[in-house]
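Engineer: Sequence first, predicted model second:
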Amino acid sequence: MDPVPRSEYNYANKIVLISINALEEIMGKNGLNAILNLAHLPHLIDNYPPNNLDREFNFADFSALNTALEELYGPKGGRGLALRAGREAFADSLRNFGAMAGVGDMAFKVLPLPAKLRIGVPAMARIFTQISDQLSTVEERENEFVYTIHRCPVCWGRKVDKPVCFIAIGLLQGGLKWVSGGSEFRVNESKCIAMGDEVCEFVIQKIPIG
Ligand SMILES: [Zn+2]
């Protein structure tokens, strides 16, 4: 696997640590070490990023992690693992950021689902925009929310013919489950910068699937 060109953008250490911990939980330490080696990140073995919000983790390295997942487990296996890692990363730790945004408190819990989504989905976008160089915005349509990542750490520097930002889908699904109080939602990546699109775009159906 070729090294990914460096980016001028960085992810907060904490988000990367949460993601790496989720990957380790899913595939075990040996699996994770294989991923880190393949991604040209052997210095991270037993030396994970610190648990702080400093923007020090290059988008290129996060993209390499995701590429290595696919290389090692195949497109389908890698996709499944990335989705799971995204969901678990949110469930484990990222929800704490949401709590800071007031999404988990009692007044929020009693809102009807449409209001929860109308507040919660933009709150998720704001969290990522505030704590990293990943610029995210949300547009509400009649039946869906369009969640747009304008600078994407997941597919940075990649060239593909299908969308590949699965860990972002997992994070969104984890976030939606939490915001809604336990529902599952269909999230489809409709544009991907790695395919030549200007942004990575995720369409979230407002009606839950379960
Ligand atoms: Zn992307």
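Structural biologist: It's in.
Engineer: ok, which stretches of the protein are strands?
Structural biologist: Taking DSSP state E as the test, the strands found in the chain are 10-12, 55-58, 136-140, 144-149, 187-191, 200-205.
Engineer: Could you export the ones you listed as JSON lines, including mean neighbour count, mean pLDDT and distance to Val103?
Structural biologist: (Each C-beta comes from the backbone N, C-alpha and C, glycine too.) Shown next, in JSON lines, are these (neighbours: other CB atoms under 10 Å; pLDDT from 0 to 100; distance: least, CB to CB, whole Å):
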{"stretch": "strand 10-12", "mean neighbour count": "22", "mean pLDDT": "92", "distance to Val103": "19"}
{"stretch": "strand 55-58", "mean neighbour count": "18", "mean pLDDT": "94", "distance to Val103": "23"}
{"stretch": "strand 136-140", "mean neighbour count": "17", "mean pLDDT": "97", "distance to Val103": "14"}
{"stretch": "strand 144-149", "mean neighbour count": "21", "mean pLDDT": "98", "distance to Val103": "15"}
{"stretch": "strand 187-191", "mean neighbour count": "17", "mean pLDDT": "98", "distance to Val103": "18"}
{"stretch": "strand 200-205", "mean neighbour count": "21", "mean pLDDT": "98", "distance to Val103": "16"}
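Engineer: which one's the longest helix in the protein?
Structural biologist: When the chain is parsed with DSSP state H, its longest helix is helix 59-89.
Engineer: worst-scoring helix or strand of the chain, pLDDT-wise?
Structural biologist: helix 95-100 (a mean of 68; mean pLDDT, DSSP states H and E).
Engineer: Please name whichever of the strands of the chain is nearest to Arg158.
Structural biologist: When those are compared by CB to CB, strand 200-205 sits nearest Arg158, at 11.0 Å.
Engineer: For the closest one, enumerate the helices and strands it packs against.
Structural biologist: When contacts are defined as 3 or more CB pairs under 8 Å, 6 or more residues apart in numbering; DSSP states H and E, strand 200-205 packs onto strand 144-149, helix 166-180, strand 187-191.
Engineer: Those: which one's closest to Asp2?
Structural biologist: It is, among the helices and strands packed on strand 200-205 and with distance given as CB to CB, helix 166-180, at 20.2 Å.
Engineer: How about that closest one and the ion, touching?
Structural biologist: No: Helix 166-180 lies apart from the ion when judged by CB under 5 Å from the ion; the minimum separation is 6.5 Å.
Engineer: quick one: buried residues of that helix?
Structural biologist: 166-179 (16 or more other CB atoms under 10 Å).
Engineer: Redo those residues as JSON lines? Include pLDDT.
Structural biologist: Converted to JSON lines, the buried residues of helix 166-180 look like this (pLDDT from 0 to 100):
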{"residue": "Phe166", "pLDDT": "97"}
{"residue": "Ile167", "pLDDT": "95"}
{"residue": "Ala168", "pLDDT": "95"}
{"residue": "Ile169", "pLDDT": "97"}
{"residue": "Gly170", "pLDDT": "95"}
{"residue": "Leu171", "pLDDT": "93"}
{"residue": "Leu172", "pLDDT": "94"}
{"residue": "Gln173", "pLDDT": "95"}
{"residue": "Gly174", "pLDDT": "92"}
{"residue": "Gly175", "pLDDT": "91"}
{"residue": "Leu176", "pLDDT": "93"}
{"residue": "Lys177", "pLDDT": "92"}
{"residue": "Trp178", "pLDDT": "88"}
{"residue": "Val179", "pLDDT": "89"}
